[in-house]
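1. Structure of the sequence below:
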Amino acid sequence: MQRIGIIGGGAWGTALAMTARKAGREAVIHAREPEVVDAINRDHENPAFLPGIALDPAIRATVDPAEAADADAVLLVAPAQHLRGVIAPLAAGWRPGVPAVVCAKGIEGGTCALMSEVVAETLPAATVAVLSGPSFAAEVARDLPTAVTFACADAAPREALPAALGTPRFRIYSSGDVIGAEIGGAVKNVLAIACGIVHGRGLGDNARAALITRGLAEIARLAHAKGARAETLMGLCGAGDLVLTCNNIQSRNFSLGVALGEGARLNDVLAARTSVAEGVFSAAAVTALARRMGVVMPICAAVDAVLNHAADLDAAIAGLLSRPFKAEGPST
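-> Purely as a prediction, here's the structure:
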């Protein structure tokens, strides 16, 4: 795996290109914005999405997704709700067996499909994999120590890709549980919004710790219903990602929740941002998937109600606090 393609020229895609270069690989980024492509190729920076970080001059960017997909492995970093449309034109030219590595964290609206399911449907020749874990893009780009999970059902890429992308400061742990790795990353975005609301509303650290813990139980219930392994959710792509995202203002989802908790309107917060807070768009899909599978996820349902159904914020919080007392455990 010498040539790594990256579909998506945002902060995370650019950071992964930096990681590929540090690992000694060729990195080609596809970005849909010509100005981003020009900035990467000419100035070796991405001020629109990763400002203040000098990029390796060997990183190349292109507006042609097929050029980036002509690689030994392709990292799919386009926003979750746009992933299907972005990769569909690549299907005809996809070389059989080339890994399509999902790096976006979300569940598709309408279909309630996991991103791995979207890729399997759209790129039938690809080997589907997931890269997920606690990883702020700016810290990865600055080569600060980070550990993530690479999940793939096939043993060969499960060995080859960590060897190709891993460095002493970007540690990649392998797993065969694609579904577990993916659900942990998708649902934690919704829970991070809830934690941000708790912070913005001044409800205290006790409340946030309780929400994180009960949120992890919600993730575990949904993952179990989808056939994932419980131990996956105790790892980097589950508990690790949840703890990071729910406790730091660097998180786009947490910071959005803080703004809502302080009284801002959702549309105003979104209009002021260039980056995507995946939890906003995944909340309805997570809730719909849970309902379809008979899984109780009250925290995610409350976030969906606030974001998408004009529910009163204080009423949603009161509803969670007034739920009946139950025995503790992931099944309750």
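
2. how does the chain divide up, domain by domain?
-> Following automatic domain parsing, one finds the domains of the chain at 3-176, 179-321.

3. now the shortest one, how far from the centre of its chain.
-> Average the C-alpha atoms of domain 179-321, do the same for its chain, and the two points are 12 Å apart (CA atoms, centre = their mean, to the nearest Å).

4. Please provide the alpha-carbon coordinates for stretch 185-193, formatted as CSV.
-> The C-alpha trace of stretch 185-193 is given here as CSV (Å, rounded to 0.1, in the frame of the first residue of the first chain):
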residue,chain,number,x,y,z
GLY,A,185,-18.3,6.7,16.1
ALA,A,186,-21.7,7.6,14.7
VAL,A,187,-23.7,7.7,17.9
LYS,A,188,-21.1,9.5,20.0
ASN,A,189,-21.6,12.6,17.8
VAL,A,190,-25.3,12.7,18.9
LEU,A,191,-24.3,12.2,22.6
ALA,A,192,-21.6,14.9,22.3
ILE,A,193,-24.3,17.4,21.4
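
5. Show residues contacting it.
-> Residues from elsewhere that reach stretch 185-193 (CB atoms under 8 Å, 6 or more residues apart in numbering): 80, 105-107, 114-115, 130, 132-133, 211-212, 215, 218-219, 222, 237-238, 241-242, 245-246, 251, 253-254, 256-257, 260, 277-280, 282-283, 286, 297, 299-300, 303-304, 307. For every residue, glycine as well, the C-beta is placed using N, CA and C.

6. How many residues are close by residue 85?
-> Using other CB atoms under 10 Å, residue 85 has 10 neighbouring residues.

7. Which other helices and strands does whichever strand or helix holds it contact?
-> With elements taken from DSSP states H and E, the one containing residue 85 is helix 83-87. Counting contacts by 3 or more CB pairs under 8 Å, 6 or more residues apart in numbering; DSSP states H and E, helix 83-87 is packed against strand 73-76, helix 115-122.

8. how many other residues sit next to residue 95?
-> For residue 95, the count of nearby residues is 12 (other CB under 10 Å).

9. Find the residue closest to it in space, skipping its chain neighbours.
-> Sequence neighbours aside, residue 125 is the residue nearest to residue 95 in space, at 7.0 Å (criterion: CB to CB, 6 or more residues apart in numbering).

10. tell me the angle of the helix or strand containing residue 180 relative to helix 115-122?
-> If you go by DSSP H and E, residue 180 is part of helix 178-200. Orientation of helix 178-200 against helix 115-122 (axes from the mean of the first three to the mean of the last three CA atoms, to 10 degrees) gives an angle of 130 degrees.

11. Heading C-terminal from helix 178-200, find the next helix or strand.
-> helix 205-225.

12. any idea of the mean pLDDT in that following helix?
-> For helix 205-225, the mean per-residue pLDDT is 96.

13. Who are the packing partners of whatever helix or strand comes next after it?
-> Scanning forward in sequence from helix 205-225 by DSSP H and E, the next helix or strand is helix 230-233. Judged by 3+ CB pairs under 8 Å, 6+ apart, helix 230-233 is in contact with helix 178-200, helix 205-225.

14. Of those, which is nearest residue 11?
-> Evaluated with CB to CB, the helices and strands packed on helix 230-233 place helix 178-200 nearest to residue 11, the distance being 14.9 Å.

15. low-scoring pLDDT stretches of the stretch 201-332 of the chain, where are they?
-> 330-332 (pLDDT under 70).
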